[in-house]
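S.K.: 3D model of this:
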Amino acid sequence: MGFKNLETLLLFFITALGFLSSISIAADLYSLIYKGCANGSLGGGAATQQAIASISSSLITQSSNSKFYKTSTSSSGQSLSGLYQCRGDLSGTDCAACINRVIPMWSSLCGPMAAAARVQLNGCYALYQAAGFPQVAGTQLLFKTCGSGGGGNGFEERRDTAFSNLQNGLSGSGGAGFYATSYQSVYAMAQCEGDLSAGDCGECVAEAVQKAEVECGGAASGQVYLDKCYISYNYYADGVPRGGGGGGGGGGGGIGGQQTGKTVAIVVGGAAGLGFVVICLLFARSLRKGKDDY
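M.R.: Numbers count the residues shown, from 1 in each chain. Predicted coordinates:
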């Protein structure tokens, strides 16, 4: 009976470890990177609210079918355009879940009648804007973040080689607009807005790389978000984890890459340690019970 209990308990802990890991990784996809809200609000009352609701519904519906979608709508003279994009390495299920999470944040972070709103999570972003809203250049810097630690001797050379490989891989990706690579413990990722041409994508990423080199210097991680593209890089002292760094939001993430690994390791390691202790105690008890029965 004791061994049967051990088998059941072992199965339980294996299932629990997988569940805890998936929760941690999913939570990281929904981490807020930045928000951009227009200073002005829209008039129009119910008509404007209806237009925003229509854009939201259309984007959420399409998120089950595509990782990038762009649309526009007009209601009682109020015209809006909107789009979303998921990180290129997300599954269809994770993409839809991310978009369902990010779009309601337009209202909660920017207010229900903002003239424009853009919210970036680690796994996706979504935006809308009113017709006539001032446009910015595709290479306009929207947000950047740089890690606090350094990568040690020779790090910048390794990072720059990773950046070079990233740009070459992106140009050879057949216009996919997403590419990730690693070089000597440096993981790098880039993504362009889904309707950007291959040439414009390359120019945008080149600009983002230049800004990362200047703005982040020798920092071990960094993310640079331009209007039409982003890049993210992370240094892993113990080597790039299997499956890549995982950071980057449909724009960006270097925080995500290292932090996800740490979070999963802590959660899974703690649960595994507790499970091992419990199993050892039950095993010892089953041996004692066997002797008593004998």
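
S.K.: for the nearest residue to residue 51 once chain neighbours are set aside, give its distance to residue 55.
M.R.: Distance criterion Cβ to Cβ, 6 or more residues apart in numbering; nearest residue to residue 51, sequence neighbours excluded, is residue 75 at 4.2 Å. No exception for glycine: its C-beta is placed from N, CA and C like everyone else's. The spacing between residue 75 and residue 55, counted by Cβ to Cβ, to the nearest Å, is 10 Å.

S.K.: tell me where this structure has helices.
M.R.: With helices called from DSSP state H, the chain shows them at 2-29, 46-62, 92-102, 105-110, 155-171, 198-216, 254-293.

S.K.: where in the stretch 101-250 of the chain is pLDDT low?
M.R.: Within the stretch 101-250 of the chain, the ranges that satisfy pLDDT under 70 run 243-250.

S.K.: more neighbours: residue 75 and residue 55, which one.
M.R.: residue 55 (24 against 18; other Cβ atoms under 10 Å).

S.K.: tell me the contacts of the more buried one?
M.R.: 71, 72, 73, 80, 81, 82, 128 (Cβ atoms under 8 Å, 6 or more residues apart in numbering).

S.K.: which non-adjacent residue is nearest the fifth one?
M.R.: Just to be clear, that refers to residue 81. residue 72 (4.1 Å).

S.K.: ok, now the last one?
M.R.: What sits nearest to residue 128 in space, not counting adjacent residues and going by Cβ to Cβ, 6+ apart, is residue 82, at 3.6 Å.

S.K.: domain boundaries for this structure, per the record?
M.R.: 33-130, 141-252 (automatic domain parsing).

S.K.: may I have the beta-bridge partners of residue 79?
M.R.: For residue 79, the beta-bridge partners are residue 74 (DSSP bridges).

S.K.: okay, it and residue 197: tell me how far apart.
M.R.: 25 Å.

S.K.: ok, now residue 226?
M.R.: 15 Å.

S.K.: endpoints of stretch 86-106, how far apart?
M.R.: From its first residue to its last, stretch 86-106 covers 16 Å (Cα to Cα, to the nearest Å).

S.K.: what does it rub up against?
M.R.: 26, 29-30, 32, 35, 52, 56, 59-60, 63-65, 67-68, 84, 114, 117, 119, 121-126, 128, 176-180, 191, 244, 246, 248-251.

S.K.: and what of stretch 149-169?
M.R.: 179-190, 202, 205-206, 209, 212-213, 217-220, 231, 233, 235, 237.

S.K.: can you do 7 Å?
M.R.: Residues external to stretch 149-169 that are found in contact with it (Cβ atoms under 7 Å, 6 or more residues apart in numbering): 179, 181-184, 186, 188, 190, 202, 205-206, 209, 213, 218-220, 233, 235.

S.K.: buried set for it?
M.R.: Of all the residues in stretch 149-169, those buried under the rule 16 or more other Cβ atoms under 10 Å are 151, 155, 156, 158, 159, 162, 163, 165, 166, 167, 169.

S.K.: any chance of those residues in JSON lines, plus distance to residue 132?
M.R.: Output for those, formatted as JSON lines (distance: Cβ to Cβ, whole Å):
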{"residue": "151", "distance to residue 132": "45"}
{"residue": "155", "distance to residue 132": "46"}
{"residue": "156", "distance to residue 132": "43"}
{"residue": "158", "distance to residue 132": "46"}
{"residue": "159", "distance to residue 132": "41"}
{"residue": "162", "distance to residue 132": "41"}
{"residue": "163", "distance to residue 132": "37"}
{"residue": "165", "distance to residue 132": "41"}
{"residue": "166", "distance to residue 132": "36"}
{"residue": "167", "distance to residue 132": "35"}
{"residue": "169", "distance to residue 132": "38"}
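
S.K.: ok, so of those residues, who is nearest residue 137?
M.R.: Ranked by distance to residue 137 (Cβ to Cβ), these are led by residue 167 at 19.6 Å.

S.K.: what separates the closest one from residue 228, distance-wise?
M.R.: 15 Å.

S.K.: hmm, back to that, who's in contact with the residue nearest to residue 51?
M.R.: Here residue 75 is in contact with 47, 50, 51, 54 (Cβ under 7 Å, 6+ apart).

S.K.: how close does residue 140 get to residue 227?
M.R.: Going from residue 140 to residue 227 by Cβ to Cβ gives 5 Å.
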